[in-house]
Each structure stands twice: as structure tokens, then as C-alpha cells.
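> Let's see this in three dimensions:
(chains A, B and C)
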Amino acid sequence: MLLAELARVSGEVAATSARSRKVELLAGLFRDAQPDEAPVVIPYLAGRLPQRRTGVGWSTLREAPAPAAEPTLTVREVDRRLGEIAAVSGKGAQAERKRLVGVLLAAATAEEQFFLFRLIGGELRQGALDALAVEGLAAAVGAPPEEVRRAVMLGGSLGAVARALLAGGPAALAAFRLEVGRPVQPMLAQSAKDLDEALDRAGPCAVEEKLDGIRVQVHREGARVRVFTRTLDEITERLPELTAVALGLPVSSAVLDGEVIALDEHGRPHAFQDVAGRVGTRPSAAGGGPGAGLPLSPVFFDVLAVDGQELLDLPTAERHAVLERVVPGPLRVRRLAVPDPADGAARAAARAFADDVLRRGHEGVVVKALGAPYAAGRRGAAWLKVKPVLTLDLVVLAAERGHGRRSGWLSNLHLGARRPDGTFAMLGKTFKGMTDAMLEWQTGRLRELAVADDGHVVTVRPELVVEIAFDGLQRSTRYPAGVALRFARVVRYREDKPAAEADTVETVLALGRREAPPE
DNA sequence: TTCCGACAGTGGGGTCGCAAT
DNA sequence: ATTGCGACCCCACTATCGGAA
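Below you'll find the model as predicted:
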């Protein structure tokens, strides 16, 4: 199959907004793929490369050579060359990758270059990713979409499922089941505004502490242990503690879902940044970054399989019962069962539990419906996370031009807190929380306040106040106050408030001290 | 007809490994 | 030794489509 065909279909997919039409277009292309091409064609049209890392990003792609006049590149050839590029390492690697990318792009037509650019850059932006590619694949082979989705979630990659389906037809789906040692897409949580809303939506549920660390999926088969991240990268070697813990469990095999955090000598959690630093550090590194050498604590909250038995379809309550049997208390997340959330006393107990979780320094709670199965790969309403939200009134210092559907609008705001001398300290940026109407309005208002424009960032007079919600503060070397806002988003503009009454740096830093009390 | 679940897009800060400077 | 790039941890929110109610 020629790359030109993929580029053409991708363009058509991008040009229609109807999801049903996107799926039809994808299915048509997938039907034409050979079984051995499918593991490449299908990820490409889902905007992903089978090579997880190529070492090539936007910077390396900056200068494109003149395009070829005629399409000659096959999909197989592109995949082969990208595999070569990904394998380059050592001294001179960057220049060599750049050269090889240049050779590849020179063999591509203008339309193919546009496709490769976005594909390699990781932002295809055609309005279809894995979910629609799965539907397209199902349509192409005449299999039930839900079964194909489940096979991909349990059986690993889209490419592997595609190859089997195109070669063997719908019957091949039976082979894709949960297998110890092969990672499963983790179940994800939706957000709820507060605990009451979560309890109302969940029905009979358990309230669990939400720990601020790194999600891990631990597989044990006999003496063999493997640990995976949320995106299914294997990190076994970086977390020897987890192997030791898994081998200590009274089972022959198991798949566990949990979080790794780090606790100080008082049992309070270390900052997420420190945990992420430790988890990101390879054992070979003699590093001294923040968190290097920090001992990690795994805390498990679900079990997907144990001793040859698959548990995914059991209700949460039954999976929890198994978890309690195979994992000792200190390694399990704390949890309060709330069988009847409508009951006032039960609700009060849930609230007290959640307050205690926060008092102990954790992030919040997750409310889990007791009757729900483990929905691999789904961000369903069966799990609802609740975290406290902080707000500040900050001043817009500048705004960046938006991209894609935000082209033409000023989108990403630079936010500052007031200093005693009337200047402002930037605390971060945000592009979240705005409706199209707000984008339209702020673009006009900020243009009136503009004092400089470098083509990307429009600097404005610091007069516009905006209420910002965020989850907390984190250490920063980038921003002058030494802290940055975590997950900042716009709540509303405060045109009623002059910049002279915006929140001060001192107020912000006091928040930080309250978040992490000494001793 | 209206409602709502699932998706994709739009980017945020921090940290590491690795190569270039 | 420091800097820049790529990758990957954590992530919130809105708009849209299309099936459910």
C-alpha cells in the first residue's frame, strides 16, 4: 500500500466532522490493507507510530526538503525507515536522525510530507484516534465493535489485534484475553465537583483515598514480576521494591492495580514531583535529582486476576474482597464502604473519611460504584474522583495565539500575582476553562490592552483580573516566586476587580505553607 | 425532542535520559 | 558543566456527534 493512500484518507477524515463518516473512511482503507501491513496502517491512521519513540520531534522536523513530484513510498518502506531512525544512537545521533528524516521527506509528495510531519510530530489532528480506528477496524472485518475494543484493551496493541483480525476474521478475537504478563489498559476515573455530587451519581459505593503518585499495574507469574505504567510502558527495572512486594504475596499469579507514592518518617506523602523523579530515574543512574533514592511505597486498590482466575467482570465489591485476601492491609488503599449514600449518617461518615484523607496529606478521594466491573480503558462514571479546588484572582500578563480550532484567538494566558511594589510575578499559564464566547471576548479585550507582540506572545498592560482554579502549588525553577500553579484553569473574568486588588505573591506562598505544614 | 456518554482537541509544569554545546 | 530536545509522568476543560431516553 502506498503512503499516498493513507495521506489522502487522513485528509478526508480530517475534512468531515461526522464520526460515522470518519469510521467509514477508515474502514475502507483498512479493508485494502494486507494482514502484515495492518499493524502499521492502522496505528498510522490512529495518529500513532508503532515505534514508541523515534527521537524525532518538531525541532528535528523544522526544515523540510522539496517534495517529490510522484508518490512512490510504500507504507512498509516508511515503517522500515522510521525503525532505522529510531535505532540511531550515540555520538552524532541527532545529526544522523535529521539526515535520515530529510531523506525520507524528500521521497514524499507535498501531501505525504504534510501527513508524515503531523504523524511523526505526534499531532495528526484528523479528529480520529484509537477509538475511531477500533470502530473502523470492526467495520472492515465485520466484527462487533465492542468485542474489538475489548480485545485491544486486554490484548495490548491495536496493531496486533488488527493483524490477527485481517488474517483470521472475527474468530481471531477469542485469542485476546487477559494474560498475566501482558499489560491491560487501566480503568480511569471521571471528575466530580464535590463529594455530594459523587455520592449522588455513584449509588452504593466505596470511598477510597486518592494518592498522588504514579499509577502502576503489577503482574506476577510465579517468580516473574513485571510492572507497567498507565500508558503500558514497562518500568520493572526502575522499581525493585515492587518486585519484592509482589513476590511476597501469597499467590502463584496475580495482576494488581495501584499507585506508588513515597512516605516520609511521619507517614506523610512526599510531593508528586519527588515521586515522579524517583520513578523516572534508572537504577544505573548515580543521580542526585529531587527524589532520587527515595524509597517507594506501593498501595493497591484493585485486582484483575489471581491464580488463573480472571476477575475483570466481577463487581467492584467482589474484586475488593479478593484484594483483601491476597494483599496485606498496609499495602492496600484505605477505603470506606457506603452501601446507602442516601442515608444521612452514611454520608456524614463518608465526609469524615474524606476530610481525614486530606488531613493526612493526600490528594482527595475516589468514589467507586460497588456493582461495576473493571472497565479496562474506559473513563467511566463508575469511578469518580473528588479533589479540593483552590482559587485565586490573578492578573493576565500576556496571551499566546491559539492553534487548530483556536486559530485567530488569543488562547493561552500568562498569569501573575501582585508584588508589594506593584509589579507582578508570573505563576504559570492556562488555556483551560474558556468557552468559545470567552475566547472571543478575551481576544478583543486583550488586543485593547496589548503593548507588544512578537508574533506568538502578545504582552498586555496588567489590568485584567481573572479568577483561576487550581489543584495546588508545585516547586518551580522556571517562575520567579519559586512556585507554579498545578492544573490551572479559568473560572471567570473579574472585570469588577482592579488589578491592584488581585491576590498577592505573599497570599500564594502562604497557601503553599498551609498545604505542606512543617513537621 | 432533549439529554448525555464518549471522543478529540487544546495545551499546562516537572522530570528524566541523551546528545550537543 | 550546562543547555536543548524528546518522551512521559501527572492532568482540566469544552465542543461535538450520535445513540439513549
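> need the strands for the stretch 51-200 of chain A, in chain order.
A:188-191 (DSSP state E, counting those that start in this stretch).
> so what's the residue of the stretch 401-519 of chain A found nearest DNA strand B up against?
Going by Cβ to the nearest atom of the strand, DNA strand B is nearest to residue A:404 of the stretch 401-519 of chain A, at 1.7 Å. To be clear about C-beta, it is placed using only N, CA and C from the backbone, and glycine gets the same treatment. By Cβ atoms under 8 Å, 6 or more residues apart in numbering, the contact list for residue A:404 reads residue A:125.
> Next, work out how far apart it and residue A:155 are.
Residue A:404 sits at a distance of 32 Å from residue A:155 (criterion: Cβ to Cβ, to the nearest Å).
> Looking at the stretch 51-200 of chain A, which residue is nearest DNA strand C?
For the stretch 51-200 of chain A, Cβ to the nearest atom of the strand, closest residue to DNA strand C: residue A:57, 2.6 Å.
> check contacts around the closest residue to that residue other than its chain neighbours.
Leaving aside its chain neighbours, residue A:57 sits nearest to residue A:121 (6.8 Å; criterion: Cβ to Cβ, 6 or more residues apart in numbering). Taking Cβ under 8 Å, 6+ apart, we find residue A:121 in contact with A:57, A:58, A:61.
> next one: residue A:280
Residue A:280 neighbours (Cβ under 8 Å, 6+ apart): residue A:238.
> quick one, helices of the stretch 201-350 of chain A?
Counting by DSSP state H, counting those that start in this stretch, one finds helices in the stretch 201-350 of chain A at the ranges A:240-247, A:272-280, A:316-326, A:344-359.
> Go through those and name the closest to residue A:168.
Closest approach to residue A:168 among the helices of the stretch 201-350 of chain A is made by helix A:316-326 (31.8 Å; Cβ to Cβ).
> Can I get the closest one in PDB, CA atoms only?
C-alpha atoms of helix A:316-326 as PDB (Å, rounded to 0.1, in the frame of the first residue of the first chain):
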ATOM      1  CA  THR A 316     -16.100  -4.000  42.400                       C
ATOM      2  CA  ALA A 317     -17.300  -5.300  45.800                       C
ATOM      3  CA  GLU A 318     -16.200  -8.900  44.900                       C
ATOM      4  CA  ARG A 319     -12.900  -7.800  43.500                       C
ATOM      5  CA  HIS A 320     -12.200  -5.800  46.700                       C
ATOM      6  CA  ALA A 321     -12.900  -9.000  48.700                       C
ATOM      7  CA  VAL A 322     -10.300 -10.900  46.700                       C
ATOM      8  CA  LEU A 323      -7.900  -8.000  47.100                       C
ATOM      9  CA  GLU A 324      -8.300  -8.100  50.900                       C
ATOM     10  CA  ARG A 325      -7.500 -11.800  50.800                       C
ATOM     11  CA  VAL A 326      -4.300 -11.600  48.800                       C
END
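> Report all helices and strands that it contacts.
strand A:205-210, strand A:297-306 (3 or more Cβ pairs under 8 Å, 6 or more residues apart in numbering; DSSP states H and E).
> Show me what the mean pLDDT comes to for the last one.
Meaning strand A:297-306. For strand A:297-306, the mean per-residue pLDDT is 98.
> before we move on, what about stretch A:477-487?
Stretch A:477-487 comes out with an average pLDDT of 96.
> Verify the stated contact: residue A:126 with residue A:13.
Yes: at 4.6 Å, residue A:126 counts as touching residue A:13 under the criterion of Cβ atoms under 8 Å.
> where do the contact lists of those two overlap?
Here residue A:126 and residue A:13 have residue A:22 as joint contacts, going by Cβ under 8 Å, 6+ apart.
> State the distance from the residue nearest to residue A:184 when sequence neighbours are not counted to residue A:141.
Sequence neighbours aside, residue A:376 is the residue nearest to residue A:184 in space, at 5.1 Å (criterion: Cβ to Cβ, 6+ apart). Distance check for residue A:376 against residue A:141: by Cβ to Cβ, it reads 21 Å.
> ok, now residue A:440?
Computed as Cβ to Cβ, the residue A:440 to residue A:141 distance reads 45 Å.
> if you compare the helices of the stretch 201-350 of chain A, which one is most tucked away?
The highest average neighbour count among the helices of the stretch 201-350 of chain A, using mean count of other Cβ atoms under 10 Å, belongs to helix A:272-280 at a mean of 19.
> low pLDDT regions in the stretch 201-350 of chain A?
Along the stretch 201-350 of chain A, segments meeting pLDDT under 70 span A:285-292.
> rerun that using 50 as the cut-off
Of all residues in the stretch 201-350 of chain A, none has pLDDT under 50.
> Residue A:499 and residue A:449 touch, don't they?
No: applying Cβ under 8 Å as the test, residue A:499 and residue A:449 come out as separate, 10.7 Å apart.
> When those two are compared, which one has more neighbours?
residue A:499 (19 against 16; other Cβ atoms under 10 Å).
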